[in-house]
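Undergrad: predicted model and sequence below, questions to follow.
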Amino acid sequence: MTEQFPPSGDGLPQPHGRPPGYGPPPGYGPPPPGYGPPPGYGYGAPDPYAPWGRHPATGEPLSEKSKLVAGLLQIFLGTLGIGRFYMGSTGIAITQLLLTVFGFLLAIVLVGFVLLLGVGIWALVDGILILTGSPRDGDGRLLRS
């Protein structure tokens, strides 16, 4: 014995016996109350291991330091190592600061100008690399965008 389906508007039988134009079967309504958004969508308690958020692709915790601030400080005040001090790279910052001081001291004998020019180019390139790359702070966390 074959089942008979009521005809639809296009002449094809309806397999579920429901006339066309009616909603989904019962049980497919909205989720029951008490369901929240999935984790990581800005609701609920913050992640204690990543209070400034996580990198969207890798999930690594982000630094409290800003990549834009670090790059601009390095471009404009990088000969004094300010951008690197901000990032927590104190070794590089002290080197830039000392080379600048020695450059000013040696400027009396005209050798210092070459040193100052070199530190200035280093600071400019370093600032551009900070802005365009994926720099990390002194604790190894990625700087926030």
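TA: Received the coordinates, thanks. Please read these numbers as outputs of a predicted model, since none were measured by experiment.

Undergrad: leaving out sequence neighbours, find the closest residue to Lys67.
TA: Leu143 (4.0 Å; C-beta to C-beta, 6 or more residues apart in numbering). The C-beta positions use only the backbone N, C-alpha and C, and glycine is treated the same way.

Undergrad: where do the helices sit along the protein?
TA: 67-77, 82-87, 90-106, 112-132 (DSSP state H).

Undergrad: Thr58 is nearest to which of the ones you listed?
TA: The minimum distance between Thr58 and the helices of the chain falls on helix 67-77, with 15.4 Å, by C-beta to C-beta.

Undergrad: give me the helices and strands touching the longest strand along the chain, please.
TA: The strand that spans the most residues within the chain, counting by DSSP state E, is strand 62-66. Applying 3 or more C-beta pairs under 8 Å, 6 or more residues apart in numbering; DSSP states H and E, we find strand 62-66 packed against strand 142-144.

Undergrad: Val119: how many residues sit nearby?
TA: 23 (other C-beta atoms under 10 Å).

Undergrad: now it: how far from Thr132?
TA: 21 Å (C-beta to C-beta, to the nearest Å).

Undergrad: before we move on, the earlier item: for the residue nearest to Lys67, give me its contacts.
TA: Leu62, Ser63, Lys65, Ser66, Lys67, Ala70, Met87, Ile130, Pro135, Arg136, Asp137 (C-beta atoms under 8 Å, 6 or more residues apart in numbering).

Undergrad: low-confidence ranges, this structure, go.
TA: 1-32, 34-45 (pLDDT under 70).

Undergrad: over to the nearest residue to Thr95 once chain neighbours are set aside: give its phi and psi.
TA: Spatially, and ignoring its direct neighbours in sequence, Thr95 is nearest to Gly81 (7.4 Å; C-beta to C-beta, 6+ apart). Per-residue torsions, Gly81: phi 80, psi 10 (degrees, to the nearest 10).

Undergrad: my guess is Gly81 meets Gly88, correct?
TA: No: Gly81 lies out of contact with Gly88 (C-beta atoms under 8 Å); the separation is 11.8 Å.
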